[in-house]
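J.: From the sequence below, what's the structure:
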Amino acid sequence: MTLKARVAVLPKEGFLLDVLELEMPAPGPHEVLIKQFASGVCHSQLHTMHRPRTVPMVLGHESTGEVLEVGEAVTHVAPGDRVMVTWVPRDAKPGGRYAGVPELQLPSGDAIVCSNVFTWADHTLADEQYVVKLDEDVDRLTTSIIGCAVMTGAGAVENSANVQPGQSVAVIGVGGVGLSAIVAAKVRGASPIIAIDLDDDKLNFAKTMGATHVINAANEDPVAAVRALTTRPDEWAFRGVPVAGADFVFDCIGRRVTMEQAVPAVRDGFFGVAQGGTAVLVGVPTTEMTLNATDLLMHEKRFLGSLGGSCTPDHDFPRYVDWYRTGKLDLDHMVTERFSLDQINEATRALDAGEISGRAILEFKENL
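T.: Next up, the predicted model:
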């Protein structure tokens, strides 16, 4: 099957996307052709939009849809199935096939670059490794953000950090990814759960998702505030200083200032008794950073990266769908803005301006 799809294309120059009609080729052996219901609008795509480029690109990496056609080697989904699209291979194995990238062209014949998937389109073509089956009994719009926002934030808490009941958590940046980290921390029984941001409205929203304390970093030093909330007067660090800091600090922003706040806000080691806490880099870094190696060494802290929440989609996505089904993950509340594909530039502008309190999605109403 070949069809015409409406696709948001980022041109070689500028930051405004053009919605163009492109021909979708027939699926290759390992590809899946999908009619889309909804797509998340992820902040990390803004980084791509602001970087220099020499060719047009297609963006978006989380969505839901219905399978229209599959390649001959695809066995885990079939036409008519509801699915989620993500950017992390669903069950990658050592020595396995590396997932392919769809080949698209402009009407002029010029090639378009795709990182691995594209979802800012009413139809998409994806390698089967990026397609996960979705149950029929859950909302097909809000579940579109499981493929990146939920996976990245919740997975960082569950998989990368393995947070345990009673451990303290601080989350820097409470957009869609940070809110998902807060939800997972609550599910894991963390306490306290501290949300850090520059916007009071976002912080108040974070409370509704499970944050027990909030810190506005525009008004106070977030490192000092986290340490004040987590001081342990009966434990001491090197040179007899009382232990303070969160067991885990998740930086869901990735800017220099936030990366340099994460490690100091982490719990010091209990001198001679227990190691210190862990800072987890979740947001896509856009700058270099300076790390205080003495703090890292003397307080036995750890700093690790979490790519896509260290998730295996085939294993993790069904659990997040179940969280939604049982009310642990309120996606209907988390999705705060909805746009059409023709409003894609309005959506990215609002996201860049910090006007999205939760997560924004694109809805393809013609496909519902």
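
J.: Quick check: phi and psi at M24.
T.: Backbone dihedrals for M24, given as degrees, to the nearest 10, come out at phi -90, psi 120.

J.: Check D91 too.
T.: According to degrees, to the nearest 10, D91 has phi -150, psi 50.

J.: helices and strands around the helix or strand hosting K35, which ones?
T.: In this structure, K35 sits in strand 31-41 according to DSSP states H and E. If you count contacts as 3 or more C-beta pairs under 8 Å, 6 or more residues apart in numbering; DSSP states H and E, strand 31-41 packs onto strand 63-70, strand 82-85, strand 123-127, helix 344-352, strand 359-363. Every residue, glycine included, has its C-beta placed from N, CA and C.

J.: what helix or strand is the closest residue to L22 other than its chain neighbours on?
T.: Once flanking residues are discounted, L22 sits nearest to V7: 4.9 Å by C-beta to C-beta, 6 or more residues apart in numbering. Element membership for V7 (DSSP H and E) is strand 3-10.

J.: Pull out the buried residues from that strand.
T.: By 16 or more other C-beta atoms under 10 Å, the buried positions in strand 3-10 come out as 5-10.

J.: and the angle from that strand to strand 63-70?
T.: Taking axes from the mean of the first three to the mean of the last three C-alpha atoms, to 10 degrees, strand 3-10 and strand 63-70 form an angle of 140 degrees between their directions.

J.: which helices and strands does strand 3-10 pack with?
T.: strand 18-24, strand 57-58, strand 123-127.

J.: Turn those strands into a markdown table, columns for mean pLDDT.
T.: Conversion of the helices and strands packed on strand 3-10 to a markdown table gives the following (pLDDT from 0 to 100):
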| stretch | mean pLDDT |
| --- | --- |
| strand 18-24 | 96 |
| strand 57-58 | 96 |
| strand 123-127 | 98 |
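
J.: most packed of the ones you listed?
T.: Comparing these by mean neighbour count (mean count of other C-beta atoms under 10 Å), strand 123-127 ranks first with a mean of 25.

J.: Quick check: can you list the domain ranges of this structure?
T.: Domain segmentation of the chain under automatic domain parsing yields 3-148+310-367, 162-305.

J.: could I get the ones you listed as JSON lines with distance to A156?
T.: JSON lines is the format used below for those (distance: least, C-beta to C-beta, whole Å):
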{"stretch": "domain 3-148+310-367", "distance to A156": "7"}
{"stretch": "domain 162-305", "distance to A156": "5"}
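
J.: so which of the helices and strands packed on strand 3-10 gets nearest P165?
T.: strand 123-127 (37.5 Å; C-beta to C-beta).

J.: Relative to the whole chain's centre, how far out is the closest one?
T.: Computed by C-alpha atoms, centre = their mean, to the nearest Å, the chain-centroid distance of strand 123-127 equals 20 Å.

J.: what's next to it, contact-wise?
T.: 3, 5-6, 24-25, 27, 30-36, 63, 65, 68, 85, 99-102, 104, 116-118 (C-beta atoms under 8 Å, 6 or more residues apart in numbering).
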